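Participant: Dropping a prediction and its sequence here:
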Amino acid sequence: MKETPPATSAAAKSTAKKAAKSAKAAKTVKSAKTAEKAVAKAPAAKKTAAAAKKAAAKKAVARKAPAKKAAPAKKAPARKPESRVAMVRRARRINRELAELYPYAHPELDFTNPFELLVATVLSAQTTDLRVNQTTPRLFAVCPTPEDMAAMEPERLEELIRPTGFFRAKTKSLLGLSAALRDRFGGEVPGRLEDLVTLPGVGRKTANVVLGNAFGVPGITVDTHFGRLARRFGWTTAEDAEKVEADVAEIFPKSEWTMLSHRVVFHGRRVCHSRKPACGACAIAPLCPAYGEGETDPEKAKKLLKYELGGQPGQRLKPPADYPGQPAPPMAAP
């Protein structure tokens, strides 16, 4: 065999090296392109991830965020400074307006004599006059006099007055006052405040109710309705019943005290309620510094009216002849 010339062998080697370098370069270029593509995709991926993270955060905040609070109710306008003389004039005008609105105002407890009124008033604590009026017919049928009531067994009396609530405490008071009337006042209800308040279960409010309505002696009856309206009308700032009574007594003549009490209580039960006064249906709204504490829309306010003003029965089973509403129904049979 003939040997290959050295020159030819060197050329082949050179060609092989060049081919290898070209292949390596091509591979490098390909890898570079792949890397460039990966780098190009990376920001997009990061943006997508960031957007997803941001959306998830928004949802989490939305779930955790508390519900929006309802807009607070409008407060009644601040009371303007008022002189004593102006307040007294306004107060007396309110009384005249209430007299026109409730010409039939009266005590809302059924009674035929001072003893029945005294007992009914004691029973009216922590309950409605209606419930008392539904309870007393059976009670007075069994014990019409102080002597009869004082002789009753406590258990029997408790059973008769149970519908009025707090019947054990009330039984104790009724037995005590009946015995006191029998032993100290000859079985008659006294006509003086000083004597009445010495009876068990009888305070100034009860005494004034009895004096004003059974004996014609003027008195101011400060129950929860009267006290609330006296403060809303700006007649007093006191919470104590005796202080309210004293403040109001300085504004009105004594001859008006008993009927003023009835009118204010009537208005408190029918229109100027504790939680939601019917301001928009109130005849004395222009004179009331507290206007706006309740419902001011006339149509909505009208739906809040109670008893005869709302087309419903009153609280007495035997109301006065001039009462414009319906008598209350007797208690349903058990």
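Facilitator: Right, received. Where do you want to start? Residues are numbered from 1 along each chain as shown.
Participant: isn't residue 326 right next to residue 307, touching?
Facilitator: No - with contact defined as CB atoms under 8 Å, residue 326 does not reach residue 307; the gap is 9.3 Å. Every residue, glycine included, has its C-beta placed from N, CA and C.
Participant: so what's in contact with those two at the same time?
Facilitator: Both residue 326 and residue 307 are in contact with 313-314, where contact means CB atoms under 8 Å, 6 or more residues apart in numbering.
Participant: Compare those two (neighbour count), which wins?
Facilitator: Just comparing residue 326 and residue 307: by other CB atoms under 10 Å the higher neighbour count belongs to residue 307, 19 against 13.
Participant: where's residue 232 relative to residue 285, distance?
Facilitator: Distance of residue 232 to residue 285, computed by CB to CB, to the nearest Å: 11 Å.
Participant: where do the contact lists of the two overlap?
Facilitator: Counting by CB under 8 Å, 6+ apart, nothing touches both residue 232 and residue 285.
Participant: Residue 94 is in contact with residue 230, isn't it?
Facilitator: No - with contacts defined as CB under 8 Å, residue 94 does not count as touching residue 230, sitting 10.4 Å away.
Participant: So what's the residue count around residue 94?
Facilitator: For residue 94, using other CB under 10 Å, the count is 22.
Participant: Name all residues that make contact with it.
Facilitator: Residue 94 touches 233, 284, 287-288, counting by CB under 8 Å, 6+ apart.
Participant: Now with 10 Å, please.
Facilitator: 229, 233-235, 260, 263-264, 267, 283-284, 287-288 (CB atoms under 10 Å, 6 or more residues apart in numbering).
Participant: Only the buried subset of the residues you listed, as a PyMOL command please.
Facilitator: For the buried members of the contacts of residue 94, the matching PyMOL selection, counting by 16 or more other CB atoms under 10 Å, is:
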select buried, resi 229+233+234+235+260+263+264+267+284+288
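Participant: Need the contacts of residue 94 in a markdown table (columns: distance to residue 201 and secondary structure).
Facilitator: As requested, those are exported to a markdown table (distance: CB to CB, whole Å; DSSP: H, G, I helix; E, B strand; the rest coil):
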| residue | distance to residue 201 | secondary structure |
| --- | --- | --- |
| 229 | 26 | helix |
| 233 | 30 | coil |
| 234 | 33 | coil |
| 235 | 28 | coil |
| 260 | 25 | helix |
| 263 | 27 | helix |
| 264 | 24 | helix |
| 267 | 28 | helix |
| 283 | 36 | coil |
| 284 | 35 | coil |
| 287 | 37 | helix |
| 288 | 35 | coil |
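Participant: now the residue nearest the centre of the chain: how far from residue 324?
Facilitator: Taking CA atoms, centre = their mean, the centroid of the chain lies closest to residue 275, which sits 3.4 Å from it. Per CB to CB, residue 275 is found 26 Å from residue 324.
Participant: coming back round to it: which SSE is the residue nearest to the centre of the chain in?
Facilitator: Under DSSP states H and E, no helix or strand contains residue 275.
Participant: Which residues lie in contact with it in this structure?
Facilitator: 293-294, 304.
Participant: how about the helices in the protein?
Facilitator: Applying DSSP state H to the chain gives helices spanning 6-64, 84-101, 114-123, 129-142, 146-150, 154-161, 167-184, 193-196, 204-214, 224-232, 241-249, 257-270, 298-302.
Participant: buried ones in the second one?
Facilitator: Judged by neighbour count using 16+ other CB under 10 Å, the buried positions of helix 84-101 are 90-91, 94-95, 97-98, 101.
Participant: What is the nearest of the residues you listed to residue 218?
Facilitator: Checking the buried residues of helix 84-101 against residue 218 with CB to CB, the nearest one is residue 95 at 13.8 Å.
Participant: Distance check, the closest one against residue 290.
Facilitator: As judged by CB to CB, residue 95 and residue 290 stand 17 Å apart.
Participant: swap in residue 230?
Facilitator: Between residue 230 and residue 290 the computed distance is 11 Å (CB to CB).
Participant: Looking at the two now, which is surrounded by more residues?
Facilitator: Remark: of residue 230 and residue 290, residue 230 carries more neighbours, 23 against 19, as counted by other CB under 10 Å.
Participant: Tell me where the model's unsure across the chain.
Facilitator: Applying pLDDT under 70 to the chain flags residues 1-79, 334.
Participant: how about a cut-off of 80?
Facilitator: When residues are selected by pLDDT under 80, those of the chain lie in 1-80, 333-334.
Participant: Could you find the closest non-adjacent residue to residue 268?
Facilitator: residue 225 (3.1 Å; CB to CB, 6 or more residues apart in numbering).
Participant: meant to ask about residue 298
Facilitator: residue 280 (4.4 Å).
Participant: re earlier: could you dump the buried residues of helix 84-101 into CSV with distance to residue 113 added?
Facilitator: Shown next, in CSV, are these (distance: CB to CB, whole Å):
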residue, distance to residue 113
90, 39
91, 34
94, 33
95, 29
97, 33
98, 28
101, 30
